[in-house]
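S.K.: How does the following fold in three dimensions:
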Amino acid sequence: MEQVANNVYQLQYAIDTFYFLVCGALVMWMAAGFAMLEAGLVRAKNTTEILTKNVALFAISCIMYLVCGYSIMYGGEIFLSGIANVDTAAVLGEFAGREDGFEGGSIYSGASDFFFQVVFVATAMSIVSGAVAERMKLWAFLAFAVVMTAFIYPMEGNWTWGGGSVFGLYTLGDLGFSDFAGSGIVHMAGASAALAGVLLLGARKGKYGPNGEVNAIPGANLPLATLGTFILWMGWFGFNGGSVLKLGDIANANSVAMVFLNTNAAAAGGVVGALVLARIMFKKADLTMALNGALAGLVAITAEPSTPTALEATIFGALGGVLVVLSIVTLDKLKIDDPVGAISVHGVVGLLGLLLVPVTNSDVSFSGQLIGAATIFGWVFVTSLIVWGILKAVIGIRVSEEEEYEGVDLAECGMDAYPEFTQK
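M.R.: Next up, the predicted model:
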């Protein structure tokens, strides 16, 4: 009988670990989505540089989170010493005598937990990439990525998912704060860092006229941007679904299914909400608004995809789609230049996602969500502003006007993404 129980435990452990790894791989695939989305929404002369940033930031995120980020966020040893090798006997011993198996527990390989967490860090940093596109120096951006992924993100992650107290003053969990998969912890944090950079960086040349008019700067490849959106949509199932943390029992399997359903429903609602409002405001079906609407719906549901009904999730997504259109228009009026709409999608709608949680989750308070949002934004924005300011003073963060005119592909990478179209 004991052997049967051990076999069951080992099977559940294997299922939960494998599920974690697969979901982590799906989230890693979101890096390709961000790369394609951003490459499609920038001008052709800036494509190579934006792709280089996305590849490099992912590598930097993985290394810095390994070196110290994971330790800061959750405690534990640097470089994952001893975490990759699991003592099977110790795991079985922990659950010996339990009648519920892994029901109610969260046990899986520590290495799989790190892998799942590290791709979230890269996602947060990817949000920054698009907002500062077309005019930021590549190496200044990569230097910021080191600090963001090694310290800024892990600190606010420790106060939220890590359960730590904020400078010893208060604990967000005790105040009724909850963020299931990271509307605030990941998305709003990335947008806060992006906003700080954009404010110091300034707008692209020609984006705003002398009389306050907003000049549209179309992206080079909308099919690529659409592909990127669908890749992100797909990857989001790992983002939200993996945050259930388990699969190997009935309750959690049902929870995973509901999270998948609500994630998809919210994205669909976001597309329709954004498209309808764009038709009303601009008299046209704006594809870029529809794409951002899908992402906004996904961000809106990320804070709590397990408790709403599918209809509620669709409505929440539609609210996100409407809000992102209004936010993009408003930021342009304020002359805050965000080429891909990242601040609106991930920041403004990330806040909406946090505020929607208490609507369907009675264990969460509006005051706790507001305090949590203020804590995340305040910490990430202020520290990012300081880091960007230091980089600006030491090495500069913006390319020259001539380099911006020629395109940062040549200035920063020495090659064109589409050389066959280059005038010789």
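S.K.: what about the strands in the stretch 101-250 of the chain?
M.R.: Along the stretch 101-250 of the chain, no stretch is classed among the strands by DSSP state E, counting those that start in this stretch.
S.K.: Break down it into its helices, ranges please.
M.R.: Per DSSP state H, counting those that start in this stretch, the stretch 101-250 of the chain has helices spanning 110-131, 138-147, 153-159, 189-201, 222-241, 250-282. These are given in chain order.
S.K.: and the second one, average pLDDT?
M.R.: Along helix 138-147, the predicted confidence averages to a pLDDT of 98.
S.K.: That helix packs against which elements?
M.R.: Counting contacts by 3 or more Cβ pairs under 8 Å, 6 or more residues apart in numbering; DSSP states H and E, the secondary-structure elements packed against helix 138-147 are helix 47-64, helix 110-131, helix 366-394. C-beta: built from backbone N, CA, C; applies to glycine.
S.K.: which ones are touching Ala145?
M.R.: Each residue near Ala145 by Cβ atoms under 8 Å, 6 or more residues apart in numbering is listed here: 56-57, 60-61, 64, 125, 128.
S.K.: my guess is Leu51 meets Ala32, correct?
M.R.: No: with contacts defined as Cβ atoms under 8 Å, Leu51 does not count as touching Ala32, sitting 10.3 Å away.
S.K.: Any regions of the chain where pLDDT drops low?
M.R.: Under the criterion of pLDDT under 70, the regions of the chain flagged as low confidence span 1-2, 4-5, 76-108, 421-424.
S.K.: Apply 50 and report the result again.
M.R.: Within the chain, the set of residues satisfying pLDDT under 50 comprises 82, 100-104, 424.
S.K.: Give me the neighbour count for Met234.
M.R.: Other residues within reach of Met234, judged by other Cβ atoms under 10 Å, total 14.
S.K.: for the chain, which helix is longest?
M.R.: Identified as the longest helix of the chain according to DSSP state H is helix 2-41.
S.K.: I'd like to know which elements that one is packed against.
M.R.: Counting by 3+ Cβ pairs under 8 Å, 6+ apart, the packing neighbours recorded for helix 2-41 are helix 47-64, helix 88-94, helix 110-131, helix 222-241.
S.K.: Where does the closest residue to Thr229 other than its chain neighbours fall, secondary structure wise?
M.R.: Nearest non-adjacent residue to Thr229, counting by Cβ to Cβ, 6 or more residues apart in numbering: Leu291, 4.5 Å away. Here Leu291 is covered by helix 287-302, with elements defined by DSSP states H and E.
S.K.: Distance from that helix to the middle of the chain?
M.R.: When C-alpha coordinates are averaged (Cα atoms, centre = their mean, to the nearest Å), helix 287-302 and its chain have centres 13 Å apart.
S.K.: elements contacting that helix?
M.R.: helix 222-241, helix 250-282, helix 310-333, helix 349-360.
S.K.: buried ones in the third one?
M.R.: Taking 16 or more other Cβ atoms under 10 Å as the neighbour-count basis, helix 310-333 is seen to contain the buried residues 312-325, 327-329, 331-332.
S.K.: CA-only coordinates of it, as CSV, when you get a sec.
M.R.: What follows is helix 310-333, C-alpha atoms only, in CSV (Å, rounded to 0.1, in the frame of the first residue of the first chain):
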residue,chain,number,x,y,z
ALA,A,310,-16.2,33.3,-18.8
LEU,A,311,-18.7,36.1,-19.5
GLU,A,312,-17.2,38.3,-16.8
ALA,A,313,-13.8,37.6,-18.2
THR,A,314,-15.0,38.7,-21.6
ILE,A,315,-16.4,41.9,-20.1
PHE,A,316,-13.2,42.6,-18.2
GLY,A,317,-11.2,42.1,-21.4
ALA,A,318,-13.5,44.5,-23.3
LEU,A,319,-13.0,47.1,-20.6
GLY,A,320,-9.3,46.7,-21.1
GLY,A,321,-9.7,47.1,-24.9
VAL,A,322,-11.7,50.3,-24.5
LEU,A,323,-9.3,51.7,-21.9
VAL,A,324,-6.2,51.1,-24.0
VAL,A,325,-7.5,53.1,-26.9
LEU,A,326,-8.4,56.0,-24.6
SER,A,327,-5.0,55.7,-22.9
ILE,A,328,-3.0,55.7,-26.2
VAL,A,329,-4.8,58.8,-27.4
THR,A,330,-4.4,60.5,-24.1
LEU,A,331,-0.6,59.8,-23.8
ASP,A,332,-0.2,61.3,-27.3
LYS,A,333,-2.0,64.4,-26.2
